[in-house]
Every structure is written in structure tokens, then in C-alpha cells.
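**Q** sequence? don't have it. structure:
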């Protein structure tokens, strides 16, 4: 009999998070909706996860029990400069002292639109809302208004928000009418797209896609060489509006848009998460040819002209430009994923890192094909202060340092050792 | 020939607003989306309206040219305590220093849900989002999931946001599939509802309605005696989920919900505007019988667990309770509408005030049946510092004083005189 592998750290306890979750479950459906609620129970190692945070600063947050994390989820994207970035906070506070939601919009809305038009290659204009999904819905309505057609081509494995039209027929509350005009093609499959557009010639209003396949539960896939150029050509040829959903990847790959990063121009591009470092705003940007169509849609919301998020957005984009943030994200992401792959190999394990380094996706290869080995490693990391999650891409923010990355790799290394020992894997 | 009626005030100029709008029109579809854009050009006296604000405090805002307004639109609802309320701002700033959008929610989400459950009569739980429309969509999806039925009964003249299912088939970008399951009944017509539920027995998932008919372009209508009690009874009898859209009226009629105000209980109730004094948050609340159904819906958003709006919401509801705000709104609304009706009569004009005083709707009766006389009066008021608008209900906020109301009536009086003289009406 061998002793348990000695560990350098003591796993965290989550007593206060557990108590708070019991309170939450009484007054909030599912306790916590979305990724961290029990509905995701099969996909996240729940016992190893804290449930509530109490403070956040830079690349770190502290949970309700006071445990400190280097956070690679970044609020599922919005934290792009570091939590509570002082420059963004100063701009937001300054604006808040003047005005926020008023009967008339503040003229700072124009400043923000002008900045996006100057920064984003495919943006001739910007329309502001609150959710990423507000912009994907406006995009497909605009495409339908512009073309007089109904059908939308999706790429299998997509996520474009939670509006009924984005969901699947077997999801609760979704009707066949909601998804009746949705067509699916596989990612990176030009032949399938060509066939689809031929089969439905004159019926397709839009193709909507993420800039690369950064879906959940599967290794992420970049576009094949010339893929996007051919998609662009096919869309133009068929009069199909090309919509890029850059809600997740936007401003992390390229400040001019992820379409620019991959060398093409979208007709409409959707932004949200990284747009204002967490202040609540989203934007649909697009080409002048669609400006009249988007203007024709009945589309408004109570908080859509909130001025504080515009001020935060201007400060965020300005600072991302100053930092040349996408290069920083790429460098830190590569340092981290290279380190993780190497540390795993040291324990005879195989870590697969996929997608763009700024939004790296991880999978610890399991000879049985199960995703559970990866979940076990995630559980050990989280309980030691590295917040990663299973089966979802991660995010880099500009407050992360090389020292943070190196400390992350140390904790990951310890976690690989525990998992390898538990299963008698590796050396 | 008579001289023009002498006026006590000089109409405002809007040079900077006009210049800013020209800039906006280049980079934002329609320049300003929603109520104040040119799409509403037929319904608003555009030349008399400023386009952008620069500062707001209490019940007032200042436009880009520095003109000061007593504001009766309150950001189209969100301003319920007064712009930049110090207590709400302090709570929000305190929370912002700790955390806002983080990978895990802050436990302040639970505090806010508990406060709503304690405050709102029909709330056993609360689910948070960003738009009022996020909550109406979640409500109908929940009703469909719970009942396994498709059809939704609407009341003619409704507004439940901008999701495609809420729109009309002749609106750009809307498909027949989007609205295929929408049924319409007239307001206050129990016979029509009874017939509709009989005709579609077993097919109706929900009835969605505002607590009273506060629609645009028409005098607002309160529920007839016993109307809501009978609607409640019919919904229960037919297994139909009763959804109250309290986005506009919520927390202005009754802090326990507008259903409570009218003496019934909704199954689901939608809140937004007044929930956090302009901080960006909405909430669907409901009964325990639907908690499991709402939990089953795939529904989440990037900013939905933003902690700062929760802190603002707690401060807002707490202060509304302390002030007994609905009673205040009713008293100020009555003082204002009584004063306007009386001032109009002094000029031989007939002003009709309808709806609840806290959300009064105005129409200056025109013997020709046109709405233009009212628009002319609105134009004169706005150019003199009373911000009212045409064909939409108004809103009272708690920073309004009796002195503000009295000054408003003076300006309104001057505006009645101008309109009466221009048309040779009155005495």
C-alpha cells in the first residue's frame, strides 16, 4: 500500500458557498441559473466548485469563503482588462456623476459608435443593446428584412444566445415554429455549405457563425485555410447576409474584429462580452448596405442608451488598443497552454489545448474516451486556486502576468500528479 | 390683427443637439433608435425636441445646449427615485468597488431575490436578466414548458418588448412563424376572452397582459370592476398561465406588484424599468408551482449576474418602501393632472388625463379628432422646460416636488394659451 501523493497545497473548503447556495435555491430557480447551476451538474465537478464570489480584482476573485483564484473564465468573457480596471472604473464613475439612463441619450453614445467604426474593420455603424443575443436577433431580423427571405444557415455546434430561434426543438419551451427556418451545416465544410445554398437557392437570408468553432464539450477548431474567404464568396454570390457572432471571441483575437483576423469582412458582426470590461452593453456593427434595413426594425430596450456602459466601453477599447491586447493574450495563452501540455506530459498524461490561445480550450485525453478525467483535473485545480472549468473555452485578460501563468502551471502540475496517481496512470 | 400672445418664457434652441444628431446619423442606424429617432417622426414634434442630454439630477435633466427640463418621461420609466439618487449611487459604488460581473455570482443576488420575494405578493422566487423583454420571453417559454401548449393570448394594444414573437407580421424582419401562435382579445372584454379560451380549449399556454391598458396613441384604460378577478378565474379554470407584464407600471402603483394593486395574483410577473432606478436589471418573479418549469429553460446571458445592479435594486426597493412611494406618485400625479385639466379649461381647451396618476396619459381633445393639437401643446411645453411627450404615458418620480408640479402647470398654461391663440380656439 502506498501513501496518498503528498500535495503542496490544502484543498479549499466551501462551507459558506454551500450555505449561500441553499439560501439561493429557495428564492432563485435552480439556485444559480446558467453555467454554474445544478442543471450543469453532469458537466462540472460540483463538489469542487465554489458557488459565490465576494470580491474581484485584476485577474483574481475571492469566493465567499475567502479562497483566492487566478481566474481563467473572466466572468465567461467580460473581464478583458482585469476586474475593476482603474481606468475603466474612473471613466464609468465620471459618467455616472453626470448621467446614465435618461429620457434622451447622452452624446457619449455617438463617441462610442464613432470609436467602434474607427476600430472595427467591418463596422460602418454601431447599434447598442444589452445582451449578445439582442444583437444576434437583430442581425437575423435585419437579414430577413433586407432579403425578404426566411432561412438562416447555422454551423453545427453553434451558440448564439438563448432566444427561442437559437435553441433546439427538444429544449423545454421551444416550438417547432421557433426553429422552422434553421438550416445546419458542419463547420469547415464548404461542400456542405455549397450544397445547402444550392438546395435553398433564393431562400436563405443569412449565414450566422462564430469566427471559429469554440463550442463546448469538444476540441475547438480554427477555420481551414481559405475557408472564410470561400464562405464570403458563396454568401456574396447567393445574396446571403454573412453574420459573424463575435460575442465570445471579439476583441480578444483582433481589435478590428475576428473577421479581420481571419482575413474577410462580415456584413454584420455581433459584440458583447469584452466590449466594456463587464459594464452591461452589446453592439451590432455592420456595413452601410444594411443600415437602412437595420433602421427599419422595431427594436429598443429600457436600458439600451445607458451612458455609463458607453463610457466604460470607450475606456476599454482605448486601453485594449494601447496595450496591443490581442498580442498579449496570444503570448500569455501560449505560455500557459505550452506549460500545461508539458506539465501533463511530465506525468505521462496528454493535455490537448485547442482553439486560439486567447480563448484556449483544454481536454485531458482519457484512453477510455471519457471526459471525466479532465473534470477530475479541473476539480483539483479549482480547489487549489486555479479557476478553470470543464468543457468550455477559457479566457485570458490583460491583468494576467507571466508570474500568474507560472504559478498556474505549478498548481496544474500538482493536480496532474493527483489525478495520475488516483488512476494509476502515467509513470 | 392681434399681436401674438405674449409669453413669459423664450423657447429653447437646440443647435448642439442638431449638430450631434447629424454626427449620430452617420454612425448609428436612425441616429437615435427607438422613441426619439426619426422613425417616430410622425408622432413627435421633432423640431421642438432636443436630441441629446448632458446631465441629469433628481427630476431634471439638461440637454446638450444646456436647457433644463422638469422630466415627466423618467428615461421612459427607470427614473423612479430621481436621477442619480444618492442612496442608490452609494450602494452601487460600494458594490462596484468589491465586484460586478465575475465568473461566480455575488451573493448579493440572493439578497435581492429575497427582498423581491418579501416585497412582491406573487413572488415565490426571482430570476434576473437585463431587458424587460428577456423576462416576457422567459415567461412564455416557461408557460409553454409547463403546459405543453403553444398558444398565447395577448390583449390588443399590448407591448411586451421587441422579440419577434411580440411583434406584428407587417413589421420588418418578422415571420409568420414568429407570431403564428398569438391570439388577440380586446381589453376589458371578458366575453371575448371566455370565447377565445373555449375555442382554443387545451391549446392556450398563457395569457400575457399589462396590469391596465397603458398603450400608446390612445387614452389609457383601467380594468373594469371585477375584470382581473374574472380573468384570474378563467385562467385557473383553463389551466392557462397568467403572466402580468409589469415592466412599465411595476413599483409605481404598488410595491407588492400591480396585480396586488388590482386585487389578484399573477402566476408570473415581469419587472424591469423601476426595479433599480436605471441600473440595468430586469426580473421575472413567480409562483412556486412554476419554479421547476422556469428552471428547465435554457436561459442565460453575459451580464445577468452583474452585482452592481443588484445592489442598486436593493437600495431602490428599500427606499421606495421607506417613502411609501406609490402613495407619493399618486398624490403628485393627481395634483399635476388636475392642474393641467383645469389650466386647459381656463383657455377653453379640454385636456383628458387617463390611466393611473403615477403614469398619467394626456390628450388635448381636438374637435377634429386629430392628435396634432396635443402634439403642438407638447412642443410648446418641451421648448419651455417641461419634458412631456405625445401619445405615450408619462412617469412620476420621487424627486418631483409640489413646487415642480406647480411650475409645470404654469408652463403648461402658457403653452395652452399659445396653442389656443394659434388656432383661434377657446376664449
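**A** Structure's in. What do you need? Predicted, not measured: the structure shown is a model, and the values here were computed from it.

**Q** only C-alpha atoms for contact and neighbour calcs from this point on.
**A** OK.

**Q** Check the secondary structure at residue A:154 for me.
**A** Here residue A:154 is strand, with the state taken from DSSP: H, G, I helix; E, B strand; the rest coil.

**Q** Could you find the closest non-adjacent residue to it?
**A** Spatial nearest neighbour of residue A:154, chain neighbours left out: residue A:184 (4.9 Å); criterion: CA to CA, 6 or more residues apart in numbering or on different chains.

**Q** Contact partners for that neighbour?
**A** A:153, A:154, A:155, A:156 (CA atoms under 8 Å, 6 or more residues apart in numbering or on different chains).

**Q** Is the helix or strand hosting residue A:313 positioned near chain B?
**A** Element membership for residue A:313 (DSSP states H and E) is helix A:307-323. No: taking CA under 8 Å from any CA of the partner chain as the criterion, helix A:307-323 and chain B are apart, separated by no less than 9.6 Å.

**Q** that older thread, just checking, the residue nearest to residue A:154 is part of a helix?
**A** No: if the criterion is three-state DSSP, then residue A:184 is strand and not within a helix.

**Q** Using JSON lines, lay out the contacts of residue A:184 together with neighbour count.
**A** Below are the contacts of residue A:184 laid out as JSON lines (neighbours: other CA atoms under 10 Å in any protein chain shown):
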{"residue": "A:153", "neighbour count": "21"}
{"residue": "A:154", "neighbour count": "22"}
{"residue": "A:155", "neighbour count": "19"}
{"residue": "A:156", "neighbour count": "14"}
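
**Q** closest to residue A:174 among those residues?
**A** Distances from residue A:174 to the contacts of residue A:184, taken as CA to CA, are shortest for residue A:154 (17.2 Å).

**Q** partners of that closest one in the sheet?
**A** With DSSP bridges applied, residue A:154 shows beta-bridge pairing to residue A:184, residue A:208.

**Q** My guess is it contacts residue A:210. True?
**A** No: under the criterion of CA atoms under 8 Å, residue A:154 is not in contact with residue A:210, lying 9.5 Å apart.

**Q** who in the stretch 151-300 of chain A is up against chain B?
**A** Residues of the stretch 151-300 of chain A lying close to chain B by CA under 8 Å from any CA are A:161-163, A:171-175, A:177-178, A:180, A:272-273, A:278-280, A:291-292, A:294-300.

**Q** List the residues that contact the residue minimising distance to the centre of chain A.
**A** With distances taken as CA atoms, centre = their mean, residue A:248 lies nearest the centre of chain A, 3.0 Å away. By CA under 8 Å, 6+ apart, the contact set of residue A:248 is A:77, A:271, A:272, A:273, A:274.

**Q** Separate out the buried members of those.
**A** By neighbour count, with 16 or more other CA atoms under 10 Å in any protein chain shown, those hold A:77, A:271, A:272, A:273, A:274 as buried.

**Q** need the contact list for the residue nearest to the second one when sequence neighbours are not counted.
**A** Spelled out, that is residue A:271. Once flanking residues are discounted, residue A:271 sits nearest to residue A:247: 4.4 Å by CA to CA, 6+ apart. By CA under 8 Å, 6+ apart, residue A:247 lies in contact with A:132, A:270, A:271, A:272, A:273, A:274.

**Q** rewinding a little: can you add pLDDT and secondary structure and give the contacts of residue A:248 back as TSV?
**A** Shown next, in TSV, are the contacts of residue A:248 (pLDDT from 0 to 100; DSSP: H, G, I helix; E, B strand; the rest coil):
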residue	pLDDT	secondary structure
A:77	98	coil
A:271	98	strand
A:272	98	coil
A:273	97	helix
A:274	97	helix
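
**Q** Walk me through the domains of chain A.
**A** In terms of domains, chain A is parsed into A:15-66+A:325-423, A:86-323 (source: automatic domain parsing).

**Q** first vs last residue of stretch A:293-304, how far apart are they?
**A** 19 Å (CA to CA, to the nearest Å).

**Q** swap in stretch A:374-393?
**A** 13 Å.

**Q** I figured residue A:141 hits residue B:175, correct?
**A** No: counting by CA under 8 Å, residue A:141 sits too far from residue B:175 to count as a contact (9.0 Å).

**Q** which regions of chain A lie under the pLDDT threshold?
**A** By pLDDT under 70, the low-scoring segments of chain A are A:1-8, A:36-44, A:427.

**Q** all strands of it, in order?
**A** Counting by DSSP state E, chain A has strands at residues A:53-57, A:60-63, A:68-71, A:125-129, A:151-155, A:182-185, A:204-209, A:241-245, A:268-271, A:282-286, A:351-354, A:361-364, A:386-387.

**Q** ok, the first one near chain B or not?
**A** Yes: for strand A:53-57, a contact with chain B is found by CA under 8 Å from any CA, at A:53, A:54, A:55, A:56, A:57.

**Q** will you turn the residues you listed into TSV that also has neighbour count?
**A** Formatted as TSV, those follow (neighbours: other CA under 10 Å):
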residue	neighbour count
A:53	25
A:54	21
A:55	22
A:56	25
A:57	17
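
**Q** export those to CSV and tack on distance to residue B:322?
**A** Listed next are the residues of strand A:53-57 next to chain B as CSV, based on distance: CA to CA, whole Å:
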residue, distance to residue B:322
A:53, 30
A:54, 28
A:55, 29
A:56, 32
A:57, 34
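
**Q** farthest pair in the residues you listed?
**A** A:53 and A:57 (11.5 Å).

**Q** picking up where we left off before, nearest to residue B:348, out of the domains of chain A?
**A** Comparing the domains of chain A by CA to CA, domain A:86-323 comes nearest, at 31.2 Å.

**Q** So what would you say the end-to-end distance of that closest one is?
**A** End-to-end for domain A:86-323, by CA to CA: 15 Å.

**Q** Please apply the same query to stretch A:261-268.
**A** Start-to-end span of stretch A:261-268 (CA to CA) is 15 Å.

**Q** Run the chain-centre distance for that stretch.
**A** Put simply, stretch A:261-268 sits 18 Å off its chain's centre (CA atoms, centre = their mean, to the nearest Å).

**Q** quick one: the residue nearest to the centre of chain A from residue B:228, how far?
**A** Residue A:248 is 44 Å from residue B:228, by CA to CA.

**Q** Could you give the number of residues near the closest residue to residue A:110 other than its chain neighbours?
**A** The shortest distance from residue A:110 to any non-neighbouring residue, by CA to CA, 6+ apart, is to residue B:24 (5.4 Å). Using other CA atoms under 10 Å in any protein chain shown, residue B:24 is surrounded by 22 other residues.

**Q** and if you look at residue A:176?
**A** For residue A:176, using other CA under 10 Å, the count is 14.

**Q** That one is in contact with residue A:169, isn't it?
**A** Yes: applying CA under 8 Å as the test, residue A:176 and residue A:169 come out as touching, 6.0 Å apart.
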